[in-house]
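K.L.:
Sequence and computational prediction follow.
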Amino acid sequence: MPRMFKYLPVLFLLMVSGCAVFQPANTDKSDSAERYWQEMDPFPVFDDQGEKIAFPFLGGFNAPRPQFVDIDGDGDTDLFVQENTDDLKFFEYTGEERGFPLAWKSNKFQNLDIGEWYRFVDLDQDGDFDLLTEQPYSYIRYYKNKGTPKRPNFDLAADSLRDVNGTPIFSDRQNIPNVVDIDNNGKLDLFIGRLDGTLTRYESVGRDENEIPRFKLVTERFEDIEIVKQFGSLHGANTMAFMDIDGDGDQDIFWGDFFEPSLLLLRNEGTPEEPDFKGEPRTFPQNDPVQTSGYNAPELTDWAGDGDADLFLGVLGGAYNANRTLGENFYFYEQQPGGEFTLQTKTFLNSIDVGNESIVTAGDLTGNGLTDLLVANKIDPGDRNSSIVYIFENRGTKNSPEYHQNGSLDLPDDYHYAPAMADLNGDGLQDLMLGKWRGELSYYQQMDDGFELIDDTLLELPRGSNATPELADLDGDGDMDLLVGQSGGGVAYFRNEGDAGRPDFQLVENAFPSVETQHRSVPALHDADGDGDLDLFLGSKVEGILFYRNIGDPQNPAFKKEASPFSFRVTQFSSPHFVDVDGDGSVEFLSGNKEGGVIFYSR
C-alpha cells in the first residue's frame, strides 16, 4: 500500500510565477550622464523598527526560490534566488559588507534563460557546478559548465535531458526537481515530484555521443511515497531538498507542497546504500513547525558556520491565503546546538516590500523641503480590507537622503491606491491626488498636520478602472495638468482650466489615442531629450516601460511611440516615476512592480 500523508483536495494550480518582462539594463557607471545604472542601496533606508534595510531597492519578492552554492569556488556559499520566469538573481558572499555578508551582483545571472525553475548540480561529475533549468514547457534544459570551479561559464548543452531511449524527460514546470546520489553508488539520481504526490526516480547511466548525461527510469513511485491531504486525493505543485538532517549517513527528504502549510520531513530509515522511507512524513522543524500559506521551497546550508545545517524557505504561496505571505516569504531558521531550529527572520533578503503591485511616488510630505517617498500596494497582505500607502520619511538632507518607514497615510478603506503629489492650490505645500481601483480620484490638500480630504471623488475615468495619476504642467500655463492611466491600457488627459491656486480639471476627449498598452497603464512624465517639453514613459502589466516622445511643444503636447532612450529592467505591473531624489540636478528613476518592491536607477 502506498504511504499517504493526508491533505486537502484541490484541482490544481496556478503557475509558480508570472512571466517576467525584462529590458536590458545599463549598469556601467562610467557611461555618460544620459545613462542610468541600477542600485540596491544608494542611500540608507530603515524599516519601521529602525533597522537598516540591506537591499531597499531589490524589488521585493512574492515567490522566492533560493539555492546556496559556492559558485566561485572560494570556500563560501553564494546565493541565487529566482522570483520570475527566466530571472536569476545572484548574490556573492563577500563577508561582513555594510552589516550583511551578501552583495547583489546581477538580476539575470550570466544572462541565462531558466524558465520556471533552476538547480545547480555537478551533473557530469567533473568537479564544477552545472545548471538544470526548465525547458518550456515542462522539460529539463541542461547548461554545462565549460569554465572552472572558480570561473564558471555556462553553455547550453541540451534543450532537454533524455532517457536511455532518447525520449525527453518530462517534469511538470510548476514543480522543482532535484538531484542526489540516493543509494551511494556514485551515480546521480534525478528526482521529479509529480502533481499526484508521487516521486519519480531516474538514475544516471553515463553520457551519449555528445557527452550529455543520460538517465534511465528506475521507478515512477519511489518508495511508494504519496503526499495527499486529509479529505481527498488530489494534489498540488511541490519542491524538494535532500539532506542528512539526522547525521546517520543517508539522505533524508524535505518536501514542500502547494497544499501543505508546513514543510514535510521524510526520514530515511535505511542505510546510505539501501534507502528506506517507510515512516510517515512529519512536519518540520519538529520543535516549531513551519506554518505559511503553503508551497514552501526548502534549502539547507550551514549559514551560521557552526557545522550544522540551517534551514531557508522560499514561500511560493499555496492554498492557505497566499496573499498573507506576499511581503514576508523568505524564512531563515537557524539550527541550535541541541538540534532545534529557531526562526530568525521571515525576510532574509530585506527590502522595501509592501506586498504586491506597488506604486511609488515622491514629494515633500512635511513642508521641510526634503523629498519623501510614498509606496502603495494593491492590498494589505495582513488584512485584505484595503490598500495601504506607506510613508518613507526623509530624515537626512536634501543631498544626502536617509529614509525611515514612518507608518502610512490615514485613508479610508479602498483598493489599488495610486498616489501622485504636486502643489495644486499654490500654498507652497504639495497636495495629494489619489487614484483608486474603481477609476475615481480623490483630492487631499496638505495642511500643517497632514492631509485633509477636499473631494473624495474629484474626478472619474470616463471608462475603465485602476486610476493611476501623474501631475505635471503639460500645456505650459503654470498649473498642474493630469494624466491618468487605467486598467484598459489607455491614458486620459485632464487639462487644468483653473489656475495655480484653484485646480479645475477638464477631460480632453481622445487626447492621445495612440498612447496605450495592453493592460494597466501607469504614466510618468520626464523631459528625456532635454528639448524643454515632457516626454511620456508608460508602465504596463506585461510590456515593460513604453516610451512616447513629445513631438509637440511645451504648450501643445503630442506623443509618438519610439524606442526608449533609457534601458530599465522591470517586471510585471511596472509603475515608473522620475524624481531628483538627492538634489544633485540629475533625475533618478524609480518603479514599483508586481512583487511589491521598488527598483532604483541612478543617473
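P.N.:
Perfect, thanks for sending it.

K.L.:
Do I have it right that residue 154 meets residue 144?
P.N.:
Yes. Assessed by Cβ atoms under 8 Å, residue 154 is found in contact with residue 144 at 7.2 Å. C-beta coordinates here come from the backbone N, C-alpha and C atoms, glycine included.

K.L.:
Run through who's touching the single longest strand found in the chain.
P.N.:
The residue-count maximum for a strand in the chain (DSSP state E) belongs to strand 450-460. Under the contact criterion Cβ atoms under 8 Å, 6 or more residues apart in numbering, strand 450-460 has outside partners 409-410, 412, 431-433, 439-446, 467, 482, 484, 494, 505.

K.L.:
follow-up on the earlier one: which residues do residue 154 and residue 144 both contact?
P.N.:
residue 130.

K.L.:
need the next SSE after the helix or strand hosting residue 190, C-terminal direction.
P.N.:
Secondary-structure assignment from DSSP states H and E places residue 190 in strand 189-193. Sequence-wise, the next helix or strand downstream of strand 189-193 (DSSP H and E) is strand 199-207.

K.L.:
Quick check: buried residues in that following strand?
P.N.:
Using 16 or more other Cβ atoms under 10 Å as the test for burial, strand 199-207 gives 199, 200, 201, 202, 203, 204.

K.L.:
Widest-spaced pair of these?
P.N.:
Maximum pairwise distance among the buried residues of strand 199-207 (Cβ to Cβ): 17.0 Å, between 199 and 204.

K.L.:
Which pLDDT does the model give the nearest residue in space to residue 442 that is not next to it in sequence?
P.N.:
Leaving aside its chain neighbours, residue 442 sits nearest to residue 434 (4.4 Å; criterion: Cβ to Cβ, 6 or more residues apart in numbering). Residue 434 carries a pLDDT value of 98.

K.L.:
ok, residue 142 to residue 106 distance?
P.N.:
For residue 142, the distance to residue 106 equals 21 Å [Cβ to Cβ, to the nearest Å].

K.L.:
which of these two has more neighbours?
P.N.:
Higher neighbour count among residue 142 and residue 106: residue 142, with 22 against 16, using other Cβ atoms under 10 Å.

K.L.:
So that one, which state does it fall into?
P.N.:
At residue 142 the chain is in strand, as set by DSSP: H, G, I helix; E, B strand; the rest coil.

K.L.:
Run through the residues that contact it.
P.N.:
Applying Cβ under 8 Å, 6+ apart to residue 142 gives the contacts 123, 130, 131, 132, 156, 157, 158, 160, 161, 212, 213.

K.L.:
Residues in a beta bridge with the fourth one, which ones?
P.N.:
Under DSSP bridges, the beta-bridge partners of residue 132 are residue 119, residue 142.

K.L.:
Is it in contact with residue 123, as I believe?
P.N.:
Yes. The criterion here is Cβ under 8 Å, and residue 132 meets it with residue 123 at 6.8 Å.

K.L.:
Quick check: neighbours shared by these two?
P.N.:
With Cβ under 8 Å, 6+ apart as the test, residue 132 and residue 123 both reach 142, 179.

K.L.:
Could you find the closest non-adjacent residue to residue 54?
P.N.:
Sequence neighbours aside, residue 100 is the residue nearest to residue 54 in space, at 4.3 Å (criterion: Cβ to Cβ, 6+ apart).

K.L.:
Now the buried members of the contacts of residue 142.
P.N.:
Counted by 16+ other Cβ under 10 Å, the contacts of residue 142 give 123, 130, 131, 132, 157, 158, 160, 161, 212, 213 as buried.

K.L.:
Would you check that my belief about residue 401 contacting residue 369 is correct?
P.N.:
No. Assessed by Cβ under 8 Å, residue 401 is found out of contact with residue 369, at 11.9 Å.

K.L.:
quick one: which of those two has more around it?
P.N.:
Between residue 401 and residue 369, counted using other Cβ under 10 Å, residue 401 has the larger neighbour count: 21 against 10.

K.L.:
Let's see the strand holding residue 190 as PDB, backbone CA atoms only.
P.N.:
What follows is strand 189-193, C-alpha atoms only, in PDB (Å, rounded to 0.1, in the frame of the first residue of the first chain):
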ATOM      1  CA  ASP A 189      19.700  10.200  -9.300                       C
ATOM      2  CA  LEU A 190      17.200  12.600 -10.700                       C
ATOM      3  CA  PHE A 191      14.000  13.000  -8.600                       C
ATOM      4  CA  ILE A 192      10.900  14.600 -10.100                       C
ATOM      5  CA  GLY A 193       7.900  15.300  -7.900                       C
END
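
K.L.:
now it, how far from the chain's geometric center?
P.N.:
Using Cα atoms, centre = their mean, to the nearest Å, the mean C-alpha position of strand 189-193 is found 27 Å from that of the whole chain.

K.L.:
No further questions, thank you.
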